[in-house]
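> From the sequence below, what's the structure:
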Amino acid sequence: MSLQNDSTQNPRVTWEGCSVLLDINDGDRLVFARLSPAATLKIGNKNCSLQPLIGCPFGSLFQVDNGPKGPYLSLVVPSTEGNNLHETKEYQLKDESKDNRALVDNNKAQNLTGEDIDEMRRQGATGEEIVEALISNSSTYEKKTSFSQEKYRLKKQKKYSPRVLLRRPFCRSICEAYFKKYPARIGFLRVDTLSLLLSMANITAHSDVLVVDMVGGLLTGAVAERLGGTGYVCNAYLGDTPSSIDIVRIFNFSGEICKRIVRSPVAGLCSIQDGVSKSEIQSNEQIFSQDSFPHSISTEETSISSENGTLDLIPEMMTASPTPPQVARTCKSTKAGESASQDAINLWKENGFSSLLIAAPELDAWSIVEELLPLLSYSASFAIYHQYLQPLATCMHNLQLGKMAIGLQISEPWLREYQGSAIKNPSIHADECIWGVYSKRDKDLQQ
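Predicted coordinates for the structure are as follows:
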């Protein structure tokens with residue numbers, strides 16, 4: 001089957017070939033998947049088909065059940081009486097004095113053995129039935145506090161009845177998923193940082209935005225999502241090898257939006273202002289790729305997926321194989337990132353770009369800004385992201401000395417996670433990640 005037409009496609013409902021974000025057991029595991037009848041998801045030691053997820057609205061909740069043909073994902077229908085019963089239970093337990101001081105963890109409180117659980121599975125018992133049986137056969141469950149009881153129930157539910165939340169991949173969810181499991185791939189770019197970049201660069205509809213994206217395509221996809229099919233996103237790259245923008249394919253962009261995401265080498269764009277010949281452009285690209293920027297990220301280093309159409313963001317899987325496998329495409333879609341047309345380049349030559357966004361942690365900030373600022377129109381805004389403060393401070397100092405911009409500002413936002421411990425969860429980053437954002441209000445005051 002082919003993808004649905006963009007005109008009849010409902011963005012709130014999944015379809016065959018779309019990308020989804022699967023949240024397993026309330027954030028314990030995050031998986032990007034491409035839905036198809038042949039796609040499967042491994043949860044523990046069980047392989048479940050993703051076909052039941054096709055045609056379901058985003059936000060649906062599924063759980064793993066055992067059927068005659070093996071484990072499968074079944075839709076969980078929320079109960080309307082659950083909240084009232086939960087509130088009634090809280091009022092009943094408010095005056096009760098319970099604590100866990102008398103409980104001893106000696107592995108003797110559970111009367112149900114492993115053989116009994118296996119027998120229940122062979123008889124076709126669901127995960128919820130096994131959890132209820134474990135609770136009823138626990139001699140210490142009724143003696144626990146309500147908090148401990150809920151904790152015990154969730155622990156058993158995650159083991160015997162895992163749940164999968166079907167989430168729509170958009171700018172925020174993609175950024176949060178990558179930052180939680182593999183932040184180095186997106187340059188440690190947080191979601192609050194990404195939103196600040198879009199605001200300071202004044203990304204609005206019908207804008208022509210110049211982007212230097214070396215964070216896997218997250219910044220390019222965020223700009224295209226905000227433009228909504230209007231304007232253009234020109235992804236500039238150094239040398240003759242474009243940086244990977246594989247994350248853009250996760251956004252489920254329509255064909256019209258993908259056509260407005262184009263690529264062009266920096267040397268080719270700079271020739272718009274300088275009038276450089278084609279031979280000189282090619283020689284400059286070779287110099288960039290061989291000498292100036294040896295640490296640029298190639299396409300092979302940033303493309304990750306698996307054979308069954310899923311992309312798991314668990315760090316252990318990233319480090320298991322030195323070379324990530326190639327992307328498995330179950331359905332063909334419009335490819336973003338084609339070369340910019342000559343008509344578009346001529347238009348940018350005449351009017352200039354309305355905004356500039358740079359996220360290249362591996363490159364020198366001042367070298368890129370010095371090359372790309374002349375491509376902007378007057379009173380254009382720009383924003384630069386870097387993980388550390390010093391490259392941005394040097395760039396700001398040079399801009400001030402050259403009187404190339406006004407309204408310059410370095411910002412160092414930070415985010416602190418509540419109800420979290422850095423010792424238990426090393427992936428939590430508070431205020432140790434130092435970076436800055438520039439804001440520009442005018443250009444080239446010397447003229």
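> can you give me the strands for the protein?
Along the chain, the stretches classed as strands by DSSP state E are 19-24, 29-34, 40-43, 46-49, 61-67, 70-75, 163-167, 208-213, 232-237, 261-265, 310-312, 338-339, 353-359, 376-385.
> Would you mind giving these as a markdown table with mean pLDDT added?
Output for these, formatted as a markdown table (pLDDT from 0 to 100):
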| stretch | mean pLDDT |
| --- | --- |
| strand 19-24 | 93 |
| strand 29-34 | 92 |
| strand 40-43 | 88 |
| strand 46-49 | 88 |
| strand 61-67 | 85 |
| strand 70-75 | 86 |
| strand 163-167 | 92 |
| strand 208-213 | 94 |
| strand 232-237 | 92 |
| strand 261-265 | 91 |
| strand 310-312 | 62 |
| strand 338-339 | 86 |
| strand 353-359 | 92 |
| strand 376-385 | 90 |
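> need those strands in a markdown table with distance to residue 117 and mean neighbour count, can you?
Every C-beta, even on glycine, is put in place using the N, C-alpha and C of the backbone. A markdown table is the format used below for the strands of the chain (distance: least, Cβ to Cβ, whole Å; neighbours: other Cβ atoms under 10 Å):
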| stretch | distance to residue 117 | mean neighbour count |
| --- | --- | --- |
| strand 19-24 | 21 | 21 |
| strand 29-34 | 23 | 22 |
| strand 40-43 | 17 | 18 |
| strand 46-49 | 15 | 16 |
| strand 61-67 | 12 | 18 |
| strand 70-75 | 15 | 16 |
| strand 163-167 | 19 | 20 |
| strand 208-213 | 50 | 26 |
| strand 232-237 | 53 | 26 |
| strand 261-265 | 51 | 22 |
| strand 310-312 | 27 | 22 |
| strand 338-339 | 55 | 12 |
| strand 353-359 | 50 | 24 |
| strand 376-385 | 51 | 21 |
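> Quick one: residues contacting the one residue sitting closest to the centre of the chain.
Centroid-nearest residue in the chain: residue 174, 2.0 Å away (criterion: Cα atoms, centre = their mean). Residue 174 makes contact with 21, 218, 221, 247, 250, 251, according to Cβ atoms under 8 Å, 6 or more residues apart in numbering.
> And it, how far from residue 19?
9 Å (Cβ to Cβ, to the nearest Å).
> Save the strands of the chain as a markdown table, and put in distance to residue 120 too.
Shown next, in a markdown table, are the strands of the chain (distance: least, Cβ to Cβ, whole Å):
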| stretch | distance to residue 120 |
| --- | --- |
| strand 19-24 | 23 |
| strand 29-34 | 25 |
| strand 40-43 | 19 |
| strand 46-49 | 16 |
| strand 61-67 | 10 |
| strand 70-75 | 15 |
| strand 163-167 | 19 |
| strand 208-213 | 52 |
| strand 232-237 | 54 |
| strand 261-265 | 52 |
| strand 310-312 | 30 |
| strand 338-339 | 56 |
| strand 353-359 | 52 |
| strand 376-385 | 53 |
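> which of the residues in the lengthiest helix in the chain are buried?
When the chain is parsed with DSSP state H, its longest helix is helix 146-160. Of all the residues in helix 146-160, those buried under the rule 16 or more other Cβ atoms under 10 Å are 148, 149, 152, 156, 157, 158, 160.
> Check stretch 171-189 too.
Neighbour count says stretch 171-189 has 171, 173-179, 181-183, 185-189 buried, by 16+ other Cβ under 10 Å.
> and the buried residues of helix 146-160 as CSV, adding distance to residue 343 and pLDDT?
Shown next, in CSV, are the buried residues of helix 146-160 (distance: Cβ to Cβ, whole Å; pLDDT from 0 to 100):
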residue, distance to residue 343, pLDDT
148, 67, 83
149, 67, 83
152, 65, 84
156, 62, 85
157, 58, 82
158, 55, 84
160, 60, 83
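> Of the residues you listed, which is the nearest to residue 235?
Of all these, residue 235 sits closest to residue 158, with 40.4 Å by Cβ to Cβ.
> wait, isn't the closest one in contact with residue 28?
Yes. Applying Cβ atoms under 8 Å, one finds residue 158 in contact with residue 28, separated by 7.0 Å.
> overlap in contacts of the two?
With Cβ under 8 Å, 6+ apart, residue 158 and residue 28 have no common neighbours.
> So, low pLDDT: which residues of this structure?
Applying pLDDT under 70 to the chain flags the ranges 1-8, 79-98, 100, 102, 271-334, 415-447.
> Run the chain-centre distance for stretch 131-141.
Relative to the mean C-alpha coordinate of its chain, stretch 131-141 is positioned 39 Å out (Cα atoms, centre = their mean, to the nearest Å).
> Pull out the buried positions in it.
Across stretch 131-141, burial judged by 16+ other Cβ under 10 Å covers 131, 133, 134, 135, 138, 140, 141.
> Can you name the residues in contact with that stretch?
Contacts of stretch 131-141 (Cβ under 8 Å, 6+ apart): 103, 109-112, 117, 120, 125, 149, 152-153, 156-157, 160-161.
> Let's see that with 7 Å instead.
103, 109-112, 120, 149, 152-153, 156-157, 160-161 (Cβ atoms under 7 Å, 6 or more residues apart in numbering).
> of the buried residues of stretch 171-189, closest to residue 256?
Distances from residue 256 to those, taken as Cβ to Cβ, are shortest for residue 171 (18.2 Å).
> how about that closest one, what does it touch?
When contacts are counted by Cβ under 7 Å, 6+ apart, residue 171 touches 194, 221, 222, 225.
> Wait, the first one touches residue 222, no?
Going back to what we said before, that points to residue 194. Yes. Residue 194 lies in contact with residue 222 (Cβ atoms under 7 Å); the separation is 5.8 Å.
> higher neighbour count, the two?
residue 222 (30 against 23; other Cβ atoms under 10 Å).
> For residue 261, see how far away that one is.
Taking Cβ to Cβ, one finds residue 222 at 12 Å from residue 261.
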